[in-house]
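Trainee: structure of the sequence below:
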Amino acid sequence: MILVKMLVRRPVFGKHALAPRCADFCVGLGHPERAARSFGKRDVTMSTDIQHMLDRIWAAVEARLDIIRGEAVSKPVVSAIDEPVRESRIRDDFAVLDHLDAALSLAKANVLSDLAEEFDHTRDNIQWSQNLGYTAENSVPGFLEGYAYASLAGPEGPVLCSTPRAGYMLLGPNVTYPDHQHEPREIYLVLTPGCQWRLDSGEWFDVNAGDLIVHQSWQKHATRTGDQPFLAFAGWLDDGDRNGINWA
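Mentor: Numbering: from 1, shown residues only. Okay, here's the model as predicted:
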């Protein structure tokens with residue numbers, strides 16, 4: 001088994017400052033004591049339940065072809081780690097979480113309803129986070145209020161590994177996740193309808209519940225919502241640093 005140690009590196013946002021050090025990672029925009037209490041605690045039963053959920057999600061991924069190139073995707077080999085690595089702004093009161101119930105209701109009414117039901121049953125045991133490299137100074141207006149990520153597997157757990165990172169991304173209504181890029185290849189399995197995608201600064205196109213989208217290494221991509229919230233499973237197929245994402 002290969003163990004990969006995650007290092008804190010400089011986020012690549014041009015003139016913007018370094019990311020906080022590990023001791024500051026859960027402080028973010030508030031509630032550092034609550035995040036610090038919960039970070040790193042591992043419930044074996046809960047982790048096992050989430051691993052089973054991940055197995056079913058990856059099976060759904062492997063049953064589909066990428067809508068862009070028609071490629072199949074296989075779950076990467078897991079590279080486990082022994083201890084969690086704190087790397088995100090962790091909170092339980094992100095503004096976008098007000099839209100979680102509506103997003104889950106939409107997902108339950110569509111083709112991947114079983115995954116939405118399962119996530120709904122485990123959501124109280126999941127930590128929500130934001131990338132520390134995304135700040136009010138370098139993000140478009142409304143983005144930080146409209147985005148959060150629920151890690152299922154990765155350096156912050158609850159399933160501890162360096163590869164593959166995996167979790168659910170939530171966007172609120174009328175939010176744009178601007179063009180960005182990163183070295184690891186990435187997949188999105190869309191659970192809700194009504195969202196649009198853009199690749200390589202091209203034209204926006206519609207995506208539907210059940211669609212699988214693959215981003216190649218360093219490929220520019222962006223997402224925007226309409227009047228409804230958006231929920232999707234997101235996974236990195238390669239090892240990488242979450243704070244190594246560039247706005248493109």
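Trainee: any regions of this structure where pLDDT drops low?
Mentor: Residue ranges of the chain with pLDDT under 70: 1-45.
Trainee: residues contacting the nearest residue to M169 once chain neighbours are set aside?
Mentor: Nearest-residue entry for M169: A234, 4.8 Å, with adjacent residues in sequence omitted and distances by Cβ to Cβ, 6 or more residues apart in numbering. To be clear about C-beta, it is placed using only N, CA and C from the backbone, and glycine gets the same treatment. A234 makes contacts with Y149, A166, G167, Y168, M169, E186, I187, Y188, L189, as judged by Cβ atoms under 8 Å, 6 or more residues apart in numbering.
Trainee: before we move on, what about N131?
Mentor: S88, R89, Y149, R242, N243, I245.
Trainee: from those residues, which land in strands?
Mentor: Counting by DSSP state E, the part of the contacts of N131 found in strands is S88, R89, Y149.
Trainee: of those, closest to D114?
Mentor: Y149 (21.5 Å; Cβ to Cβ).
Trainee: could you report the neighbour count for the nearest residue to G146 once chain neighbours are set aside?
Mentor: Excluding the flanking residues, the one nearest G146 by Cβ to Cβ, 6+ apart is V175, at 3.4 Å. Using other Cβ atoms under 10 Å, V175 is surrounded by 23 other residues.
Trainee: could you measure from V175 over to A60?
Mentor: Remark: distance between V175 and A60 (Cβ to Cβ, to the nearest Å) = 25 Å.
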